[in-house]
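[1] got a predicted structure plus its sequence, pasted below:
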Amino acid sequence: MAGIISVTDLCSFKFCERGLYIKKVLGFREPVKPVMVLGSIRHKVYDDANKKEEELISQITSDLKRNEVLQMFANAYNGILNKSIVSFSQQLRDLNMDLNEVTVNMHEAVASQAASRADEIISFSSKNNVFGEQLWQQLTPKIISELKVSSEKLRLKGVIDRIEDRGSEYVPVEIKTGRAPNEGVWPDHRLQLSAYAMLLREELKFNIKECLVKYVAADQTRQVVMNPFMEYEVTETVNSVFQLLGQNEIPDVCGKSYCIWLRTPIINR
Ligand SMILES: [Zn+2]
């Protein structure tokens, strides 16, 4: 067994141990589902938009009106969305998904992300009275996207969607499309972010105090303040995953419909 697992394995473990075992130990590959391709497109959009940020911001001059900046971001994000969908067109067709329909469905979330980032930048610009290249230099938070992190010590690796670089602190951010809980964040999101915070601390030698989950459908940002119990939960879960992967028997069906329909591959040992 390899000495390192991914943060998504921790989440899979919490969701269904048998599913994780079948995938990791028996090597059964899940067929690609629409939600996975949509997730990949969404990641690509935010990553590409982030890479374009310097170029966009350098065009923000003092005579540009708020609406014009919002429009500039909306157009840029829209163009990136269209390009990303084209780059995944083969996978979408393989799943019999309609490209136009996907574009329409993703448009709203992308537009709201564009608007909220533009708003953040506009308010920084007016508060500090900086524009163009100077605005880019001074802007906080800057966004680091799709950062790969790994640690032998934690026996964990992962890719962090977004990190807000606030100059004196780093804040991991997860963007979630699903339903938001009434308060706080879902337990698996908390686990995921705690793991990222620990990995980031190892990587940057920088203490991570908080994380954020953006529930885009509910248009809400929820804060997760790090504490020792959450770190304990992560290390305990890592231990449990290694224990599971090292065992010989396939775990029992847990009762989730996903699990019930998951056929055990026939294996010869
Ligand atoms: Zn299960």
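    Perfect, I can see it now.
[2] which of the residues in stretch 143-153 are buried?
    For stretch 143-153, the neighbour count (16 or more other C-beta atoms under 10 Å) marks 143-145, 147, 149-151 as buried. All C-beta spots, glycine's among them, are computed from the backbone N, C-alpha and C.
[3] stretch 33-47 now?
    For stretch 33-47, by 16+ other C-beta under 10 Å, it's 37-38, 41-47.
[4] output that stretch as PDB, nothing but the C-alphas.
    Written as PDB, here are the backbone C-alpha positions of stretch 33-47 (Å, rounded to 0.1, in the frame of the first residue of the first chain):
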ATOM      1  CA  LYS A  33     -20.700  10.600 -14.300                       C
ATOM      2  CA  PRO A  34     -22.100  14.000 -15.400                       C
ATOM      3  CA  VAL A  35     -21.500  15.500 -12.100                       C
ATOM      4  CA  MET A  36     -17.700  14.700 -12.300                       C
ATOM      5  CA  VAL A  37     -17.400  16.300 -15.700                       C
ATOM      6  CA  LEU A  38     -19.300  19.400 -14.600                       C
ATOM      7  CA  GLY A  39     -17.000  19.600 -11.600                       C
ATOM      8  CA  SER A  40     -14.000  19.500 -13.800                       C
ATOM      9  CA  ILE A  41     -15.400  22.200 -16.000                       C
ATOM     10  CA  ARG A  42     -16.100  24.400 -13.000                       C
ATOM     11  CA  HIS A  43     -12.600  23.900 -11.700                       C
ATOM     12  CA  LYS A  44     -11.100  24.900 -15.100                       C
ATOM     13  CA  VAL A  45     -13.300  28.000 -15.300                       C
ATOM     14  CA  TYR A  46     -12.200  29.300 -11.900                       C
ATOM     15  CA  ASP A  47      -8.500  28.400 -12.500                       C
END
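[5] could you give the mean pLDDT of it?
    Confidence for stretch 33-47, expressed as mean pLDDT, is 91.
[6] what of stretch 76-95?
    Per-residue scores along stretch 76-95 average to 96.
[7] same thing with stretch 179-190?
    Average pLDDT, stretch 179-190: 94.
[8] can the buried residues of stretch 143-153 go into a markdown table with extra columns for secondary structure?
    A markdown table is the format used below for those (DSSP: H, G, I helix; E, B strand; the rest coil):
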| residue | secondary structure |
| --- | --- |
| I143 | strand |
| I144 | strand |
| S145 | strand |
| L147 | strand |
| V149 | strand |
| S150 | strand |
| S151 | strand |
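[9] closest to the ion among those residues?
    S150 (27.2 Å; C-beta to the ion).
[10] doesn't G158 make contact with the closest one?
    Yes. Here S150 lies in contact with G158, judged by C-beta atoms under 8 Å, at a distance of 7.5 Å.
[11] any residues in contact with both of the two?
    L199 (C-beta atoms under 8 Å, 6 or more residues apart in numbering).
[12] which ones are touching the spatially most central residue of the chain?
    Geometric centre of the chain, nearest residue: D161, 3.7 Å, by C-alpha atoms, centre = their mean. Applying C-beta under 8 Å, 6+ apart to D161 gives the contacts 43, 46, 145-146, 172-175.
[13] kindly report the same for D165.
    Contacts of D165 by C-beta under 8 Å, 6+ apart are 140-144.
[14] mind checking how far it is from L204?
    10 Å (C-beta to C-beta, to the nearest Å).
[15] which parts of the stretch 1-150 of the chain sit against the ion?
    Within reach of the ion by C-beta under 5 Å from the ion, the stretch 1-150 of the chain has these residues: 16, 18.
[16] residue in the stretch 1-150 of the chain nearest to the ion?
    For the stretch 1-150 of the chain, C-beta to the ion, closest residue to the ion: C16, 3.3 Å.
[17] what's the longest helix in the protein?
    helix 99-128 (DSSP state H).
[18] tell me the helix or strand right after that helix.
    Counting by DSSP states H and E, the next helix or strand C-terminal to helix 99-128 is helix 132-138.
[19] what helices or strands is that following helix leaning on?
    helix 53-57, helix 99-128 (3 or more C-beta pairs under 8 Å, 6 or more residues apart in numbering; DSSP states H and E).
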